[in-house]
Each structure stands twice: as structure tokens, then as C-alpha cells.
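Q: Predicted model, plus sequence, below.
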Amino acid sequence: MSYTPPSMKSLIAFEATARLGSMTAAADEERSTQPTISQRIRSLEENLGLPLFDRQGGRLVLTVQGERFHREVAPSLKTIREACERLVHHGKRPSPSVVIAAGSGFTHLWLLPQLPALKRAFPELTFKLMPIDRADDPELQAADIAIRFGPYVPKEEGRLVASEAVFPVCSPDYAHEHGVKEALTASDLPRLALLHQDIKDPRWLDWAQWCQHAGLSLTPGEDVFAYQNYALLLNAALRHQGVALGWSILVEDYLASGQLIALSPRVTREDYGYWLSVKHHRSTVIEPICDWLINAVQQ
């Protein structure tokens, strides 16, 4: 015949009574009643087929078998209790939060779409994304992980996330309507709507600087509308309103889906790109996230 082990409640009642020397004290600890504790101990004794307490003389004393049984089960019950307490305590703690700061374009166009996968990779953490465009913004320096755009700065010990590659992009409909070929020439530019971003930051190429690097001459346009951020500018290109400058890492999904097409020439600047730096070096929490972000870009 198979043996049916006693219930956990009866084992807990026995251990508490043996440790405290009283069923009443055990009932208080377990937030139960003395009759309930007594009934559970009797059930345990019936299961084991022997008495665990000597009840003669009005005193509650462990039998020899009871003392041995208590020595054997008490450590295991203590281990189970402590494991449960640790788990409950951990569940009540807020998840550690990691702040990732980057330019608004990178945040909205690359980081935000990657956020669900990042959360699946690190389910024990919460993430806060901060779009910050100024390289000298104190919040960028204070972030756990900062991804800035610009030239390499040795003192910041940054890791390269993605090199700079800039080329014109537009929607297939706009290219068809305006007869845009894959390679733009200087004669193409005056007849196209060149979408501008209103930035006063020397790190970023505008159309004039891009043309200079591409070896094309550009006649300044008289009717220019400047967009306040890169996401808005790119949205205008998606809506067939003109040609925008595209940074490869920010437009790759739109190119892959066919919503935008890439034009040439392609401009790169040595040592320019997206650089990742951390506030706390060699952090066992932060370093795996940095590796994940860089691998996600490379894939």
C-alpha cells in the first residue's frame, strides 16, 4: 500500500508546538486556535502511527520519537518559510528602473519600437526613455545609459552603436510623380521640395552641408518650411511631401517596408555616429543592456 504523507498544516502545527512548548502559543503564532492546533497534531500522530507528545500529568512533553522527528523536520520547514518570505518581500519591491536617454529622433524611431523586445529580454527591470537633443543637457549625463550623436570623444569612453550614413529619402509615390532617379544631381535639387529641420546644432548635417560633402551645388531656396523635430520631418516624407535627409539607423525600417526609398549619393563622416556611454561602469545590471542594444542595432 502506498503511503500518504501528512499535510503541511499538521507539520507546521507540530513544529510550532514543539518549538514554543505550548499549543496555545503555537495557535497565536499561526493565527489559529488551540483546538485546531490540537486536532492537526492528532491527525499527524494518526498518520505516523505513534504519539509525538506525552500528555500525561497535564504537561506537554515530546516523546523520544517526537524529539527525533522535530530535529529532522524543523530545518526543512524553516527553509520553506524563509524562501516564501524572500519571494513575498521581493514581489513587493518596485522593479529596478533603468533610464535610457538619447536624441528625440533616435528615441522615437529606433528605441521606442525596440522597447517591447527590450522588456522581454529583461523582465525584472523597468525602462524610462528620455528624448534629449542637447549634448550638454545634465539629464543626458545623469542617465544610466546615454546614446548621443556626434563625433567620437575619447574622454567619454563611448561604445559605437552605429556609424553615420546620410542619404536622401522620399516616398515611392513622390519619386514617381517627380521623376526622381536613384542618383540625385545638382540639377535635380531646385525642382524638388527639400524638407528641412529647424536645428542649430553643428553635429547634424543640413541640406547645404550634405551637398557640400556630396560634391553637389545647392541654390538656397526662398520658400523653406523647417520642421521642429526629425520625427515630424520624416512623417512629411512618408506623406509624399518632399525629400528628406535620412540617417540610416533611423530610416532602415521604412526602407525595409518600402514606405521610403533611398537615393544617392551617400555621405559619411569619419568618427561620426551614435555613441553609447554609461553612468556606472562595469555594472552587472547595465552592461548586459548595453550589449543587447548594440547587438540589436547590428542585427
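A: Right, received. Where do you want to start? Numbering: from 1, shown residues only.

Q: now the helices: where do they sit in the stretch 1-150 of the chain?
A: 8-20, 23-29, 34-48, 64-92, 104-106, 112-121, 138-142 (DSSP state H, counting those that start in this stretch).

Q: How far off centre is the last one?
A: Here helix 138-142 shows a centroid-to-chain-centroid distance of 19 Å under the convention C-alpha atoms, centre = their mean, to the nearest Å.

Q: again with the shortest one
A: Centre-to-centre, helix 104-106 and its host chain are 17 Å apart (C-alpha atoms, centre = their mean).

Q: closest one to residue 216 among the helices of the stretch 1-150 of the chain?
A: Taking C-beta to C-beta, helix 104-106 is the member of the helices of the stretch 1-150 of the chain nearest to residue 216, at 23.6 Å. No exception for glycine: its C-beta is placed from N, CA and C like everyone else's.

Q: I'd like the average pLDDT over the closest one.
A: Mean pLDDT, helix 104-106: 91.

Q: what does it contact?
A: The contact list for helix 104-106 (C-beta atoms under 8 Å, 6 or more residues apart in numbering) reads 131-133, 147, 149, 229-231, 234, 247, 249-250, 274.

Q: which of those residues are buried?
A: 131-133, 147, 149, 229-231, 234, 247, 249-250, 274 (16 or more other C-beta atoms under 10 Å).

Q: Quickly name whichever of those is closest to residue 211.
A: Set against residue 211, the nearest of the buried ones among the contacts of helix 104-106 by C-beta to C-beta is residue 247 (16.3 Å).

Q: gap between the closest one and residue 88?
A: 48 Å (C-beta to C-beta, to the nearest Å).

Q: what does residue 3 give?
A: 32 Å.

Q: in the stretch of helix or strand residue 249 belongs to, what's buried?
A: Taking DSSP states H and E as the criterion, the element that holds residue 249 is helix 248-257. By neighbour count with 16+ other C-beta under 10 Å, helix 248-257 contains the buried residues 248, 249, 250, 251, 252, 254.

Q: Skipping its backbone neighbours, what lies nearest the first one in space?
A: Nearest-residue entry for residue 248: residue 165, 4.1 Å, with adjacent residues in sequence omitted and distances by C-beta to C-beta, 6 or more residues apart in numbering.

Q: on that earlier part again, let me see the mean pLDDT of the next helix or strand after the helix holding residue 249.
A: Beyond helix 248-257 on the C-terminal side, the first helix or strand identified by DSSP H and E is strand 261-262. Averaging pLDDT along strand 261-262 gives 96.

Q: For strand 261-262, which outside residues touch it?
A: Applying C-beta under 8 Å, 6+ apart, the contact partners of strand 261-262 are 167, 168, 169, 170, 171, 172, 175, 246, 251, 255.

Q: Of the residues you listed, which count as buried by neighbour count?
A: Burial by neighbour count, judged by 16+ other C-beta under 10 Å, picks out 167, 168, 169, 170, 171, 175, 246, 251 from the contacts of strand 261-262.

Q: quick one, what contacts the fourth one?
A: Looking back up the chat, that one is residue 170. Under the criterion of C-beta under 8 Å, 6+ apart, the neighbours of residue 170 are 180, 237, 240, 242, 243, 244, 260, 261, 263.

Q: And the pLDDT for it?
A: pLDDT, residue 170: 96.

Q: Residues in a beta bridge with it, which ones?
A: Beta bridges link residue 170 to residue 261, judged by DSSP bridges.

Q: how far away is it from residue 278?
A: Where residue 278 is concerned, residue 170 sits at a distance of 37 Å (C-beta to C-beta).

Q: same thing with the second one?
A: As defined by C-beta to C-beta, residue 168 lies at a distance of 34 Å from residue 278.

Q: List the contacts of residue 274.
A: Shown in contact with residue 274 (C-beta under 8 Å, 6+ apart): 102, 106, 147, 148, 149, 160, 161, 162, 249.
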